[in-house]
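Engineer: Could you look at this predicted model? Sequence included:
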Amino acid sequence: MSLSAGDKAPAIKSEDFNLASLKGKTVVVFFYPKSDTPGCTQESCDFRDLTPKFAKKNAEIVGISPDKAEAQQKFATKYGLPYTFVPDTDHAIAEAYGVWKEKKNYGKTYMGIERTTFVIGADGKIAKIYPKVKVVGHAEKVLSELE
C-alpha cells in the first residue's frame, strides 16, 4: 500500500497507545529499524533534543520499530527519550504505512523497516511524508517544516 499526503492516517494502536487519542495535535511518527543501533540512536536522540520545540508547535513524537516493548523501553531509558514508542513486532503498522520493505545489505536480502517519517495533521490526515530518511539533520528538517 502506498500512502500520500492528504490520506487518512492508518490506525496506530498498542497496549499503551492509540493514535486516535491525539486527534487535534500534530503527530510526528518516525519508523526506525532497530533500537540501540547507531543510526536509530542518532535519530531518536535528535528527536529527543528537539522535543520541547516540537511541543511548542503542539506536536507529539512517536517512534515505531519491530522491537519488543521491553527493548524499546530499555532504549528509551538508556538515552532519556521522552516520547512514546510503539512496538510493531508483527509489522502490521509498518505494512499499513507501506514501510515494511525488502532490503539488501552485504548481499543479503531481507524484509525490514525503510526509515520513514510521517507528519499527521490535527485532522488525522497525513500532512507530509519523509521517505528513505537520512538521519543527520532529519529531526531539524521535520521541525522546521511544521506549520
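Structural biologist: Everything's here; your move. Residues are numbered from 1 along each chain as shown.
Engineer: switch to C-alpha atoms for all contacts and neighbour counts from now on
Structural biologist: Will do.
Engineer: how close does Gln42 sit to Ala92?
Structural biologist: Separation of Gln42 from Ala92 (Cα to Cα, to the nearest Å): 25 Å.
Engineer: worst-scoring helix or strand of the chain, pLDDT-wise?
Structural biologist: Of all helical and strand segments in the chain, the minimum by mean pLDDT, DSSP states H and E falls on strand 100-105, at a mean of 90.
Engineer: May I have that strand as CSV, with CA atoms only?
Structural biologist: What follows is strand 100-105 as a C-alpha-only set of coordinates in CSV (Å, rounded to 0.1, in the frame of the first residue of the first chain):
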residue,chain,number,x,y,z
TRP,A,100,7.9,-2.8,5.6
LYS,A,101,10.1,-3.4,2.5
GLU,A,102,12.6,-5.7,1.0
LYS,A,103,16.1,-4.5,1.8
LYS,A,104,19.6,-5.5,0.8
ASN,A,105,22.7,-5.4,3.0
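Engineer: So what are the sheet partners of it and their directions?
Structural biologist: Sheet pairing for strand 100-105, assigned by DSSP bridges, gives strand 108-113 (antiparallel).
Engineer: Now the element after the partner strand, going C-ward?
Structural biologist: Next along the chain after strand 108-113, taking DSSP states H and E as the criterion, comes strand 116-120.
Engineer: Would you map the strands across this structure?
Structural biologist: 26-31, 59-65, 84-87, 100-105, 108-113, 116-120, 126-130 (DSSP state E).
Engineer: follow-up on the earlier one: quick one: which of Gln42 and Ala92 has more around it?
Structural biologist: Gln42 (16 against 13; other Cα atoms under 10 Å).
Engineer: how about the nearest residue to the more buried one, chain neighbours excluded?
Structural biologist: Excluding its sequence neighbours, the residue lying closest to Gln42 (Cα to Cα, 6 or more residues apart in numbering) is Val135, at 7.1 Å.
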